[in-house]
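# Sequence below, structure please.
(one chain, ligands or ions: 1)
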Amino acid sequence: MPMIIDGKAIAEKVKAQCRESIAALKSRGITPGLAVVIIGDDPASHAYVRSKVRTCEELGLHSLKIQKPSETSQEQLLEIIAELNADEAIDGILVQSPPPPHIDEGAVVRAIDPAKDVDGFHPLNVAKLAMDDDSGFVPCTPFGCQRLLIEHGIETSGARVVVLGRSMIVGKPMALLMMRNGIGGNATVTVAHSRTRDLASVTREADILIAAIGKPHLVTADHVKDGATVIDVGINRVVDSTTKSGYRLVGDVDFDAVAPKCSAITPVPGGVGPMTIAMLMANTIKSSQLRHRATS
Ligand code: NAD
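Numbering: from 1, shown residues only. Okay, here's the model as predicted:
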């Protein structure tokens, strides 16, 4: 049987390290602060925001939730961001995705002070990631996936890594992280996507396969070589009449079929998911440390 990569346990470890850093900052009279802006009433987005705020409270971070109706204009949202950029108590700003369709998400990301862009989506932080400049912020989900590999001692140096998906949130930064020169990097990376021909022949090359597609169970046993490590980023709702809610969450990987072939695999839920919030907390603390070093 493969090793099941326990994202919950590793997220707890990251949070324990966050607690130590927060205590050190608090001893200097500094409390790191995260502002989360949510526009509209998408239930899944509200659930994500609730868990981000809850984790801030759990760790003793200052959190500010700004909730606005779907009709909020682009100008109003940009004004909120300008205020948060100027707010000394706030180290991290994130606008929960997806915003309503009339909002230009790219313009919103560019309006956030890159020093407070703890999601790592601002062009300056994307460039820093590509340039191996550690002063920037790495997007939380791929950062969490890399941490899972490091914590489990899974060798990435020289490994063939296939990243499935090329989004700015997961696929692209994931590929950049894996090819970086450093711990948890130095891999030979292939990025596959919706236009990739004969996907299974590409993914079967992978020592480490990272799936971030958003298609339930697209990755089957046929896509995976024996002994591979599989990281499943996907979170997909599928109908399940046996559950109280009428649905359940599954990944992009058909876990039951793929797990027997793997050396290690993440479950969904309980794999990558808990890491994303933990890395958001870590990024917020890093922002606070950098900002207070800059001003002290
Ligand atoms: P996205 O829709 O922005 O990108 C999906 C990518 O998959 C695209 O690059 C596309 O080219 C590729 N793709 C689509 N169909 C494909 C196919 N048939 N074959 C190969 N590639 C295909 O999605 P995203 O934001 O990157 O998210 C991907 C998944 O990860 C979703 O299920 C999302 O819910 C999940 N997610 C989870 C977390 C977490 O914290 N665990 C965070 C972010 C995203």
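# Measure how buried residue 173 is and give me the count.
26 (other C-beta atoms under 10 Å). (Glycine included, C-beta is placed from N, CA and C.)
# where does it land in three-state SS?
helix (DSSP: H, G, I helix; E, B strand; the rest coil).
# my read: it touches residue 120, true?
Yes: Residue 173 is within contact range of residue 120, at 6.9 Å (criterion: C-beta atoms under 8 Å).
# Could you tell me which residues touch both of these two?
Shared contacts of residue 173 and residue 120, defined by C-beta atoms under 8 Å, 6 or more residues apart in numbering, are found at 126, 129, 138-139, 143.
# what does the domain assignment say about the protein?
29-115, 140-274 (automatic domain parsing).
# Is there proximity between the longest one and the ligand?
In other words, domain 140-274. Yes: under the criterion of C-beta under 6 Å from any ligand atom, domain 140-274 makes contact with the ligand via 141, 164-167, 169-171, 192-194, 196, 199, 212-215, 218, 233-236, 272-273.
# Below-threshold pLDDT in the protein: ranges please.
294-296 (pLDDT under 70).
# what about the strands in it?
Using DSSP state E, the strands found in the chain span residues 3-4, 33-39, 62-68, 92-95, 160-164, 188-192, 208-211, 229-232, 236-239, 247-250, 264-265.
# Any chance of those strands in CSV with mean neighbour count as columns?
Converted to CSV, those look like this (neighbours: other C-beta atoms under 10 Å):
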stretch, mean neighbour count
strand 3-4, 14
strand 33-39, 23
strand 62-68, 16
strand 92-95, 26
strand 160-164, 26
strand 188-192, 19
strand 208-211, 28
strand 229-232, 28
strand 236-239, 12
strand 247-250, 16
strand 264-265, 23
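# okay if I get these as TSV plus distance to residue 149?
Below are the strands of the chain laid out as TSV (distance: least, C-beta to C-beta, whole Å):
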stretch	distance to residue 149
strand 3-4	12
strand 33-39	26
strand 62-68	29
strand 92-95	25
strand 160-164	9
strand 188-192	13
strand 208-211	7
strand 229-232	7
strand 236-239	23
strand 247-250	22
strand 264-265	9
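# so which of the ones you listed comes closest to residue 284?
Residue 284 lies closest to strand 92-95 among the strands of the chain, at 3.8 Å (C-beta to C-beta).
# what are the pairing partners of that closest one, and which direction each?
Neighbouring strands of strand 92-95 in its sheet, by DSSP bridges, are strand 33-39 (parallel).
# what about the strand it pairs with, distance to the chain center?
Offset of strand 33-39 from its chain centre (C-alpha atoms, centre = their mean, to the nearest Å): 16 Å.
# follow-up on the earlier one: out of the shared contacts of residue 173 and residue 120, which one sits closest to the ligand?
Among those, residue 139 lies closest to the ligand (C-beta to the nearest ligand atom), at 8.8 Å.
# need the contact list for the residue nearest the centre of the chain.
Taking C-alpha atoms, centre = their mean, the centroid of the chain lies closest to residue 141, which sits 1.6 Å from it. For residue 141, the contact set (C-beta under 8 Å, 6+ apart) comprises 169-170, 174, 212, 233, 272, 275-276, 279.
# In the stretch 1-150 of the chain, what residue spans correspond to helices?
7-26, 43-59, 74-86, 105-111, 123-130, 140-151 (DSSP state H, counting those that start in this stretch).
# what's the most buried one of the ones you listed?
helix 140-151 (a mean of 24; mean count of other C-beta atoms under 10 Å).
# and the helices of the stretch 1-150 of the chain as a markdown table, adding distance to residue 97?
Putting the helices of the stretch 1-150 of the chain into a markdown table (distance: least, C-beta to C-beta, whole Å) gives the following:
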| stretch | distance to residue 97 |
| --- | --- |
| helix 7-26 | 21 |
| helix 43-59 | 8 |
| helix 74-86 | 13 |
| helix 105-111 | 7 |
| helix 123-130 | 15 |
| helix 140-151 | 12 |
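# just so I know, which of those helices lies nearest residue 96?
helix 43-59 (4.9 Å).
# Need the residues that contact that closest one.
15, 18-19, 22, 34, 36, 38, 62-63, 65, 67, 94, 96-98, 277-278, 280-281.
# if we go to 7 Å?
15, 18-19, 22, 34, 36, 38, 63, 65, 96, 277, 280-281 (C-beta atoms under 7 Å, 6 or more residues apart in numbering).
# okay, among the residues you listed, which ones form the most distant pair?
Longest span within those, C-beta to C-beta: 19 and 38, 25.9 Å.
# who does the longest helix along the chain touch, helix- and strand-wise?
Assignment by DSSP state H gives helix 272-295 as the longest helix of the chain. On a contact count with 3 or more C-beta pairs under 7 Å, 6 or more residues apart in numbering; DSSP states H and E, helix 272-295 meets helix 7-26, helix 43-59, strand 92-95, helix 140-151.
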